[in-house]
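Chemist: please find the sequence and the predicted model below.
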Amino acid sequence: MSEIPDVTIDYVDTDGDGYAETTIADTNADGYVDTVLTDWSGDGQVDVAEYDTDFDGRTDVVAVDDGVDEVADEVYLDTDGDGSLDTVLTGPDAAPFPVDPAL
């Protein structure tokens, strides 16, 4: 049976209004942030999501929802693993939130 690592989650109020707009998670207990979720519009829904899918300390996927439907309208991917976001998927509802890092 495999052991499930401890998940560390922090909630951050970035503008001091008493509402935590950003959630930061270390999902594999390696001390590095693996997921960042941000509600910049204040509607209670995720607007920007960042993922470190291969746990190397670099963001591999960034998804942006500019609407209110919880579906990413822009997705940025590091397709070759060099640490730079290479590919952009755009259009209304380019991918469901949370974005599947295997895109």
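Modeler: Sure, I can see it.
Chemist: only C-alpha atoms for contact and neighbour calcs from this point on.
Modeler: Noted.
Chemist: quick one: the strands in this protein, in order.
Modeler: Per DSSP state E, the chain carries strands over the ranges 8-12, 22-26, 35-38, 48-51, 61-64, 71-77, 87-96.
Chemist: could you dump those strands to TSV with mean neighbour count and mean pLDDT?
Modeler: What follows is those, written out as TSV (neighbours: other C-alpha atoms under 10 Å; pLDDT from 0 to 100):
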stretch	mean neighbour count	mean pLDDT
strand 8-12	14	89
strand 22-26	19	89
strand 35-38	21	88
strand 48-51	23	88
strand 61-64	26	86
strand 71-77	22	80
strand 87-96	16	69
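Chemist: residue 16 - how many residues pack around it?
Modeler: By other C-alpha atoms under 10 Å, 9 other residues sit near residue 16.
Chemist: phi first, then psi, for it.
Modeler: When read as degrees, to the nearest 10, the backbone of residue 16 gives phi 80, psi 20.
Chemist: which pLDDT value belongs to it?
Modeler: On the pLDDT scale, residue 16 is placed at 87.
Chemist: how close does it get to residue 22?
Modeler: Here residue 16 is placed at a distance of 12 Å from residue 22 (C-alpha to C-alpha, to the nearest Å).
Chemist: same deal with residue 80?
Modeler: 28 Å.
Chemist: now do the contacts for residue 34.
Modeler: The neighbourhood of residue 34, defined by C-alpha atoms under 8 Å, 6 or more residues apart in numbering, consists of 24, 25, 26, 27, 28, 50, 51, 52, 53, 55, 57, 59.
Chemist: please apply the same query to residue 19.
Modeler: Contacts of residue 19 by C-alpha under 8 Å, 6+ apart are residue 13.
Chemist: end-to-end on stretch 6-25?
Modeler: Using C-alpha to C-alpha, the two ends of stretch 6-25 sit 11 Å apart.
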